[in-house]
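**Q** Okay, predicted coordinates and the sequence, questions at the end:
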Amino acid sequence: CCCPSSGISLVLGLHRRSCASTGTLEVKGPLSFWGGGRVNPLDTKKAEPVYEPATGRVLCDMVPCGPDEVEQAVKNAHAAYLKWSKLAGMERARVMLEAARIIREQRDEIAKVEVINNGKSITEARVDIDVAWQCIEYYAGLAGTLSGQHIQLPGGSFAYTRREPLGVCVGIGAWNYPFQIAAWKSAPALACGNAMVFKPSPMTPVTAVMLAEIYAQAGVPEGLFNVVQGGAETGSLLCHHPMVAKVSFTGSVPTGKKIMEMSAKGVKPVTLELGGKSPLIIFKDSELENAVKGALMANFLSQGEVCCNGTRVFVQREIMPQFLEEVVKRTKAIPVGDPLLDGTRMGALISRPHLERVLGFISEAKKQGAKVLCGGEPFVPSDSKLKGGYFMTPCVLDNCRDDMTCVKEEIFGPVMSVLPFDTEEEVIERANNTTFGLAAGVFTRDVARAHRVAENLQAGTCFINNYNISPVEVPFGGYKMSGFGRENGQVTIEYYSQLKTVVVEMGDVESLF
Ligand SMILES: NC(=O)C1=CN([C@@H]2O[C@H](COP(=O)(O)OP(=O)(O)OC[C@H]3O[C@@H](n4cnc5c(N)ncnc54)[C@H](O)[C@@H]3O)[C@@H](O)[C@H]2O)C=CC1
Ligand SMILES: C[N+](C)(C)CCCC(=O)O
């Protein structure tokens, strides 16, 4: 077998007929996890098939957790929280660093399973797993720094503040970055002394449980990080549960609104990482090759299934011909195919209905007057095992206008819409003319212009002369309907902890009565 750490597959309940390659992995073990181990589902009648996007075959079943199972997971989490929250930050850090180390060691194996369940290329999945362990390492580093403040009051009295955890936090994930999302939510939660119950997307249930096993192996108390499987029903049981203190969600705007409504009933704080329709602005003085590379990075990672993608590419009119020629040349050269091959740069979309939805956006764009410069077609790779996969060719749309559906709505596929502009003032207004505000980008050599544009763009992240890089030290989150709260960076500690003020009287009580 070519996989050095083949032992992990047995630990994780994954059975292979041969070394993990596309079309061969079998996932056998249960996918929910609490009480320190995988848990068999209660009601297998509700099982739903999970597909391997590259082949279209059924990879495994996902059995949703019902009320009793959610109850058990939350209770386990609460018991673990009581122990974990009493540890010093440095003690929690040590366990988290061990978890990060194990992920690093098993990185290639986890990346493979992620590819098989999600469809993205192995090159990208390896980066995703690296970002996951870096995130856990980063918050391990912050765990020991959590502290309060001492405030002197009159007469020798004083107050101090304690940064305390919230309790049981719920994480609800999307299917585009399954393992990374679980790490982005659990790392700050655990660093602050909370426990977590995580629900992955029903389409990508396979890797979250690997993270649960790794945390357990690293030595967290039993029940600290739990995985419950399921869709909307299971998610809503979690949001309504009275023992849940906080909900952190990644997904679509309509579901985000529901999460907020449900959490409001229990006055629970929420973090919402929602969709986007982000602008990327390319000025005529840009270094063109970098701008073109930036546009590809802004549109084609994970088959375009990325919330912060810069899908509205505004190009200053004077350089439009050169830009289009170069961007089309490079887009046509993207190798689409078997996502487990090192040479592949674009894999399969998440599901057949999603592929059809994305192709539907392209048909609609054509009807509304857009011109397809390349791609936008279903793609059938020559390898026979990939015939049933959900592939398409990456697409560049020209002749776009701001009022077209492809320019207004989140497509969540490899579709770039290119729009000409003339002036800085005009492009800022058009870029901001959306209900979303997750990210934005600007390419220019003019330093003053770059910062002025970044200041005026309504977005949670503005990239200057690059796009879609997201180091874990840097806060990530949205403006407007792209959500609120942040993930990554120091600030996220605020979203997973609360401040207690302790007021100490050193003299006598001066009563007004
Ligand atoms: N911002 C982002 O990163 C993402 C945006 N999307 C957008 O959303 C579209 C639909 O994708 P979906 O996976 O269906 O997104 P979704 O927002 O419906 O689902 C995301 C997560 O929320 C859970 N969920 C759904 N309904 C729920 C409810 N009522 N209560 C609690 N949890 C609930 C799902 O099971 C999943 O784990 C995509 O085509 C894309 O446009 C999807 C995934 C990620
Ligand atoms: C890793 N990055 C920045 C490309 C995307 C992360 C946000 C998402 O979940 O879509």
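**A** Cool, got the structure. Ligands and ions are numbered 1, 2, ... in the order given.
**Q** you'd agree Arg94 is in a strand?
**A** No: using DSSP: H, G, I helix; E, B strand; the rest coil, the assignment for Arg94 is helix, not a strand.
**Q** Renumber starting at 503 from here on
**A** Yes, from this point I'll number from 503; that puts the last item at Arg596.
**Q** what's the burial count for it?
**A** If you count neighbours by other CB atoms under 10 Å, Arg596 ends up with 15. C-beta here means a position set from N, CA and C on the backbone, and glycine is covered the same way.
**Q** what residues are up against it?
**A** Shown in contact with Arg596 (CB atoms under 8 Å, 6 or more residues apart in numbering): Ala642.
**Q** doesn't Val749 fall inside a strand?
**A** Yes: Val749: assigned to a strand according to three-state DSSP.
**Q** how close does it sit to Val572?
**A** 13 Å (CB to CB, to the nearest Å).
**Q** more neighbours, those two?
**A** Neighbours per residue (other CB under 10 Å) separate Val749 from Val572, with Val572 holding more: 28 against 24.
**Q** Surely the more buried one and Leu740 touch.
**A** Yes: in this structure, Val572 is within contact of Leu740 by CB atoms under 8 Å, at 6.1 Å.
**Q** Name the residues of this protein found near ligand 2, please.
**A** The interface of the chain toward ligand 2, taken as CB under 6 Å from any ligand atom, is made up of 678-679, 752, 803, 808-810, 970, 972.
**Q** let's see 8 Å
**A** 630, 633, 676, 678-679, 682-683, 686, 752, 775, 803-804, 807-811, 970-972, 978 (CB under 8 Å from any ligand atom).
**Q** and for Val749 and Val572, which residues touch both?
**A** Leu740.
**Q** which residues touch Leu1001?
**A** Contacts of Leu1001 were listed using CB under 8 Å, 6+ apart, and they are 650, 663-666.
**Q** so is it in a helix, a strand, or just coil?
**A** strand.
**Q** What pLDDT is listed against the residue of the stretch 603-752 of the chain found nearest ligand 1?
**A** Per CB to the nearest ligand atom, Gly737 is where the stretch 603-752 of the chain lies closest to ligand 1, at 2.3 Å. Here the pLDDT value assigned to Gly737 is 98.
**Q** So it lies in a strand, does it not?
**A** No: assigned with three-state DSSP, Gly737 falls outside any strand and is helix.
**Q** wait, isn't it in contact with Lys701?
**A** Yes: counting by CB under 8 Å, Lys701 is a contact partner of Gly737 at 5.6 Å.
**Q** Who has more neighbours out of the two?
**A** Lys701 (29 against 26).
**Q** Report whether the expected contact of that one with Thr736 is present.
**A** Yes: Lys701 lies in contact with Thr736 (CB under 8 Å); the separation is 5.9 Å.
**Q** Common neighbours of the two, please.
**A** What both Lys701 and Thr736 touch, as defined by CB under 8 Å, 6+ apart, is the set Val730.
**Q** ok so, going back, which of the contacts of Leu1001 fall in strands?
**A** Counting by DSSP state E, the part of these found in strands is 663-666.
**Q** most surrounded residue in those residues?
**A** Arg665 (19 neighbours).
**Q** check contacts around that residue.
**A** By CB under 8 Å, 6+ apart, the neighbours of Arg665 are 648-650, 694, 995, 999-1001.
**Q** Out of those, which two sit at the greatest distance?
**A** Ser649 and Gln1000 (14.3 Å; CB to CB).
**Q** more neighbours, these two?
**A** A direct count of neighbours by other CB under 10 Å for Ser649 and Gln1000 places Gln1000 higher, at 15 against 11.
**Q** What's opposite the more buried one in the beta bridge?
**A** Beta-bridge partners of Gln1000, counted by DSSP bridges, are Glu666.
**Q** wait, it sits on Gly669?
**A** No: applying CB under 8 Å, one finds Gln1000 not in contact with Gly669, separated by 9.5 Å.
**Q** if we can go back for a sec, which ones among the residues of the chain next to ligand 2 are found in strands?
**A** Among those, the members found in strands (DSSP E) are 752, 775.
**Q** Now the buried members of the residues of the chain next to ligand 2.
**A** 630, 633, 676, 678-679, 682-683, 686, 752, 775, 803-804, 807-811, 970, 972, 978 (16 or more other CB atoms under 10 Å).
**Q** Helices - which of those residues land there?
**A** Among these, DSSP state H puts 630, 633, 682-683, 686 in helices.
**Q** Tell me the one of the residues you listed nearest Leu842?
**A** For these, the nearest to Leu842 is Asp630 (14.5 Å; CB to CB).
**Q** The stretch 903-1015 of the chain against ligand 1: which residues are in contact?
**A** 912-914, 940, 984.
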